[in-house]
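In: got a sequence here, can you build the structure:
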Amino acid sequence: MVGAPDFPWLAPIFISPIAGSFVGVLVRRLPKGQSVAWTRSRCESCQRSLVVTDLVPIASYLALRGRCATCRAPIASFHLTIELLAVVVVVWAATLNQGAPWLWTACLLGWGLLALSWIDAEHMRLPDVLTLPLIAAGIATQGMLGNERFTESVIGAAVGYFSFRAIALTYRLSRGREGLGGGDAKLLAVAGAWVGWTALPDVVLLAAVFGLGLVATMQMRERAIDMAAVIPFGPCLALALWMVYLYGPFLFGAR
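Out: Model prediction:
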């Protein structure tokens with residue numbers, strides 16, 4: 001008798017809009033120092049406290065046609081966008097068919113990187129309240145795969161952090177200004193925790209390529225870029241880590 005088909009992606013897909021809504025809360029509130037858990041959501045225009053029917057991820061935005069039910073002011077498309085991106089994280093990871101446990105951990109990483117990328121792009125910050133738990137989660141996840149992976153993860157977190165701190169110190173001493181922030185070093189520690197120290201060169205190289213692509217895009221949009229310009233590197237690092245975690249290192253080391 002043929003058993004029922006296994007759909008390990010079904011539960012993550014169902015949860016993903018809710019996760020995206022929570023990621024949106026993190027992005028909006030953490031940079032302002034606001035409580036994530038105890039502050040009620042409100043309309044940004046009329047300040048009305050939102051009720052349950054206003055807060056159903058994706059569905060509420062579409063049902064209300066992107067407008068507040070009370071004042072009819074436009075609802076920021078940010079909310080729909082980040083909820084859809086949370087779904088994309090699941091769909092992307094699910095294409096690798098690695099099974100439910102791996103998919104859930106990949107989603108945890110992907111949603112965390114989504115929050116960090118958005119915050120860094122808007123506020124040039126990578127909050128410790130997100131990076132540090134991701135480091136711990138990466139070490140714990142790899143530790144469940146055996147002592148060798150655990151050791152590589154711990155070394156990776158340390159190498160990732162201290163290598164970028166050394167580069168930042170060297171840049172500051174030679175140029176007299178900041179080049180890489182402490183948040184970038186902690187994000188590379190996240191990368192080391194999740195993919196191990198041997199894959200860090202791949203993450204850094206890929207992030208540099210993404211960074212160059214970002215600069216080129218900004219220049220094509222006629223935005224002047226000079227040597228003193230501050231460009232968020234977090235999104236580039238996050239996307240590079242995501243790619244290496246999903247597909248493995250492409251130049252150095254082996255998973």
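In: not counting sequence-adjacent ones, nearest residue to residue 129?
Out: Beyond its immediate neighbours in the sequence, the residue positioned closest to residue 129 (C-beta to C-beta, 6 or more residues apart in numbering) is residue 30, lying 6.6 Å away. Backbone N, C-alpha and C define where each C-beta goes, glycine included.
In: surely that neighbour is within a helix?
Out: Yes - counting by DSSP: H, G, I helix; E, B strand; the rest coil, residue 30 is found in a helix.
In: right, and the helix or strand after the lengthiest helix in the chain?
Out: Criterion DSSP state H: the longest helix present in the chain is helix 147-175. Stepping forward along the backbone from helix 147-175, the first helix or strand reached (DSSP states H and E) is helix 182-195.
In: identify each buried residue in the helix or strand following that next one, please.
Out: From helix 182-195 onward toward the C-terminus, using DSSP H and E, the following helix or strand is helix 200-220. Residues of helix 200-220 classed as buried by neighbour count (16 or more other C-beta atoms under 10 Å): 200, 202-207, 210-211, 214.
In: surely residue 80 meets residue 59?
Out: No - here residue 80 lies out of contact with residue 59, judged by C-beta atoms under 8 Å, at a distance of 10.3 Å.
In: and these two? Which one has more around it.
Out: When neighbours are counted by other C-beta atoms under 10 Å, residue 80 and residue 59 differ, and residue 80 comes out ahead with 19 against 12.
In: for the more buried one, helix, strand, or coil?
Out: Of the three states, residue 80 takes helix under three-state DSSP.
In: report the contact partners of it.
Out: Applying C-beta atoms under 8 Å, 6 or more residues apart in numbering, one finds that residue 80 lies in contact with 58, 61-62, 66.
In: quick one: buried ones out of the residues you listed?
Out: Buried by 16+ other C-beta under 10 Å: 58, 61, out of the contacts of residue 80.
In: nearest to residue 159 among the contacts of residue 80?
Out: Nearest to residue 159 out of the contacts of residue 80 is residue 58 (C-beta to C-beta; 39.8 Å).
In: phi, psi for that closest one please.
Out: Dihedral pair for residue 58: phi 70, psi -50, per degrees, to the nearest 10.
In: rewinding a little: what's near enough to touch the residue nearest to residue 129?
Out: Shown here is residue 30, whose contacts under the criterion C-beta under 8 Å, 6+ apart are 36, 119, 127, 129-130.
In: just for this structure, where's the confidence low?
Out: Segments of the chain classed as low confidence (criterion: pLDDT under 70) are 1-5, 171-179, 222-229, 252-255.
In: mind checking the SS state of the most centrally placed residue in it?
Out: Against the mean C-alpha coordinate of the chain, by C-alpha atoms, centre = their mean, the closest residue is residue 113 at 1.1 Å. When the structure is reduced to helix, strand and coil (three-state DSSP), residue 113 reads as helix.
In: all set now, cheers.
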